[in-house]
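Asks: okay, here's the prediction I keep looking at, along with the sequence it came from:
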Amino acid sequence: NMKAALLFTMVLIAVMSECQSVRFGQLCSGNSSNRRRTSDSWGQGKYGAGRQERTHQGLDIVCNDGATVYAPFNVKLNGKVIVYTDPKKAAINEGINLSGEGLCFKLFYVKPDKYSGEVKKGITSHIHVQMCDKSDPTKFF
């Protein structure tokens, strides 16, 4: 079953203001340790991995299909994100801009209940974590 084999991807793009002590809390149900996606038929989930004609500028966190996605800490919702301009990728094309703990980040491949306001730790499936400044987010995990 192809659907069961596919993982949704959420991109978490974060920019830091030298918040070395900030740690992301659990990002999705069923993965309390934020286990990272290693390698599969689509490539590697680590920061800096090759992606055809580009470089992977984030970190993928494993999340099962249908898993609940959580805010990693108290966040402000800063509007909708359109992930791709390619209509072939429109099936998983939504996300949200967030900020909190001195970080700016985006969650891709999620359709939240709302796009503005605030959410306490714990937003309602691998998760891609990418810093706004394209630096390596691994130290936050």
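Replies: Sure, I can see it.

Asks: didn't G48 look like it was pressed against H56?
Replies: Yes - in this structure, G48 is within contact of H56 by C-beta atoms under 8 Å, at 6.5 Å. Where C-beta positions appear, they are placed from N, C-alpha and C, glycine not excepted.

Asks: out of these two, which sits in the more crowded spot?
Replies: Remark: of G48 and H56, H56 carries more neighbours, 17 against 13, as counted by other C-beta atoms under 10 Å.

Asks: need the contact list for the more buried one.
Replies: 43-50 (C-beta atoms under 8 Å, 6 or more residues apart in numbering).

Asks: export those as TSV, with columns for distance to G100.
Replies: Output for the contacts of H56, formatted as TSV (distance: C-beta to C-beta, whole Å):
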residue	distance to G100
G43	29
Q44	28
G45	23
K46	24
Y47	21
G48	25
A49	27
G50	31
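
Asks: which of those are buried? Put it as a PyMOL command.
Replies: Command for PyMOL that selects the buried part of the contacts of H56, burial taken from 16 or more other C-beta atoms under 10 Å:
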select buried, resi 44+45+46+47
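
Asks: in stretch 109-121, which residues are buried?
Replies: So, applying 16+ other C-beta under 10 Å, buried residues of stretch 109-121: 109-110, 112, 119.

Asks: helices and strands of this protein: which one bottoms out on pLDDT?
Replies: helix 2-5 (a mean of 34; mean pLDDT, DSSP states H and E).

Asks: which non-adjacent residue is nearest S39?
Replies: Among residues not flanking S39 along the chain, G45 sits closest, at 7.5 Å (C-beta to C-beta, 6 or more residues apart in numbering).
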